[in-house]
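Novice: Just need the structure, nothing else, for what follows:
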Amino acid sequence: MQYLIDASVYVFRAHYSMPEDITDNKGNPINAFYGFCRFIGDFIERNNPKYLGILFDESLESSFRTEICAEYKANREPAPIELKRQFQQCKEFVDLLGVFNWSHPRYEADDLIGTLVRFGRESGRPSTIISRDKDLAQLIGKDDIFWDYTGKGKIDYNKIPDVFGVKPEQIADYLALAGDAVDNISGAPGVGKKTAVALLQHFNDLDSIYRNLDRIYKVPVRGSKTLGAKLEKHFDKVMLSRKLTGIECHVEIKNIKQNLLIEKPNITGINELYSELGIGTALRRQAERINDLQSQ
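Specialist: The predicted structure is shown next:
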């Protein structure tokens, strides 16, 4: 089993949950960095993964999806300067920890995770994706796990519909129909979540829905008599949304460390980083424990 962590989820979680008065020697906030380091350390100590990758978002502004649609994620406020700095510190820490990490100027962490899921399957290794992002559930195969680590817990392939309403293979189509306000994806105007689920349960996928517009009136959902015409009218918008909701699984992989094998931490480098930021003994001791764990 290989473990793939959607880093941004846990950096942001630490940023909003840890006290703002956690600062470095110069008074700069390091609350997100501190919380993220503790989370990663706790994860490794509790699970002792042999294969681990931590994936970061680098730039939303230069994503290939913004080239397709300028409105994609345009509703999000840019990360504050102090958080951007902490993202870089988090990457530095993970590298010193001996864990494969990856970001890309054109692809999001979702795409990097998707690429590593494919890479794992080709290597005969299933994946556990650690995230709260429902988009990533589309990557789950019969041997994989979606792990909402601080929330719903482990969700296997068969449980995905109970949690997200549709099968993993249908999630990208579902989001293309219902839209995704978080990512500023419109979907089909007037088609909500319940309607999208009903359509996919009846026709299985987006292509089949559009091949059977004249039969949509039979779907037991409110407004089904006019739904076919509505979907036909907004075909271009739905197809554009589908380009945005799918995950790219063929990003070129460079510098992958021995198939995601964890290496021994650079304890000296970690302690130097912690000294630079004025971090005390708790995280240093955790790094030593991880070093002992990797030495076994």
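Novice: so which helix or strand takes in Gly124?
Specialist: For Gly124, there is no host helix or strand (DSSP states H and E).
Novice: what ranges do the helices span in this structure?
Specialist: 7-17, 31-47, 64-68, 81-96, 109-122, 160-164, 171-178, 193-203, 206-211, 224-233, 235-245, 267-277, 281-295 (DSSP state H).
Novice: So which of those helices is the most surrounded?
Specialist: Each of those was scored by mean neighbour count; the highest is helix 171-178, a mean of 25, by mean count of other CB atoms under 10 Å. Bear in mind the C-beta positions are built from the backbone N, C-alpha and C, glycine included.
Novice: Tell me the helices and strands packed up against it.
Specialist: helix 160-164, helix 193-203, helix 206-211, helix 235-245 (3 or more CB pairs under 8 Å, 6 or more residues apart in numbering; DSSP states H and E).
Novice: Just to check, Val99 is in contact with Gly53?
Specialist: Yes. Using CB atoms under 8 Å, Val99 is in contact with Gly53, at 7.4 Å.
Novice: Of these two, give the one with the bigger neighbour count.
Specialist: Neighbour comparison, Val99 and Gly53: the larger count goes to Gly53, with 27 against 23 (by other CB atoms under 10 Å).
Novice: isn't that one right next to Leu116, touching?
Specialist: Yes. Shown here, Gly53 and Leu116 form a contact pair, counting by CB under 8 Å, at 5.4 Å.
Novice: intersection of neighbour lists for those two?
Specialist: Counting by CB atoms under 8 Å, 6 or more residues apart in numbering, the common neighbours of Gly53 and Leu116 are 2, 4, 102, 260.
Novice: what's the farthest-apart pair in these?
Specialist: Gln2 and Trp102 (13.2 Å; CB to CB).
Novice: out of everything not next to it in sequence, what's closest to Asn75?
Specialist: Asn184 (4.4 Å; CB to CB, 6 or more residues apart in numbering).
Novice: What count of nearby residues applies to that neighbour?
Specialist: 15.
Novice: give the contact list for it.
Specialist: Taking CB under 8 Å, 6+ apart, one finds 71-76 in contact with Asn184.
Novice: low-scoring stretches of the stretch 51-200 of the chain, by residue?
Specialist: 59-61 (pLDDT under 70).
Novice: make it 50
Specialist: Along the stretch 51-200 of the chain, the model assigns pLDDT under 50 to no residue.
Novice: Distance check, Leu260 against Gly120.
Specialist: For Leu260, the distance to Gly120 (CB to CB, to the nearest Å) stands at 8 Å.
Novice: so what's in contact with these two at the same time?
Specialist: 2, 51.
Novice: Please tell me how far the nearest residue to Gly187 once chain neighbours are set aside sits from Gly165.
Specialist: Leaving aside its sequence neighbours, Gly187 sits nearest to Gly179 (CB to CB, 6+ apart; 2.8 Å). Look at Gly179 and Gly165: by CB to CB, they are 14 Å apart.
Novice: Let's have the helices of the chain in a markdown table, adding distance to Gly151.
Specialist: As requested, the helices of the chain are exported to a markdown table (distance: least, CB to CB, whole Å):
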| stretch | distance to Gly151 |
| --- | --- |
| helix 7-17 | 10 |
| helix 31-47 | 13 |
| helix 64-68 | 26 |
| helix 81-96 | 21 |
| helix 109-122 | 18 |
| helix 160-164 | 10 |
| helix 171-178 | 17 |
| helix 193-203 | 19 |
| helix 206-211 | 28 |
| helix 224-233 | 33 |
| helix 235-245 | 22 |
| helix 267-277 | 29 |
| helix 281-295 | 23 |
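Novice: Between the ones you listed, which one is closest to Arg132.
Specialist: Once the helices of the chain are compared by CB to CB, helix 7-17 is nearest, at 5.3 Å.
Novice: Would you mind getting the angle between that closest one and helix 109-122?
Specialist: 140 degrees (axes from the mean of the first three to the mean of the last three CA atoms, to 10 degrees).
Novice: how much does helix 7-17 deviate in direction from helix 31-47?
Specialist: Using the same axes, to 10 degrees: helix 7-17 against helix 31-47 is 120 degrees.
Novice: related to what we said a few turns ago, mind giving me a markdown table with the helices and strands packed on helix 171-178 and columns for distance to Ala229?
Specialist: Formatted as a markdown table, the helices and strands packed on helix 171-178 follow (distance: least, CB to CB, whole Å):
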| stretch | distance to Ala229 |
| --- | --- |
| helix 160-164 | 28 |
| helix 193-203 | 14 |
| helix 206-211 | 13 |
| helix 235-245 | 11 |
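Novice: Outline the domain layout of this protein.
Specialist: Residue ranges for the domains of the chain, per automatic domain parsing: 2-164+248-295, 168-245.
Novice: if we can go back for a sec, which of the shared contacts of Gly53 and Leu116 has the most neighbours?
Specialist: Those, ranked by neighbours (other CB under 10 Å): first place Leu4, 30 neighbours.
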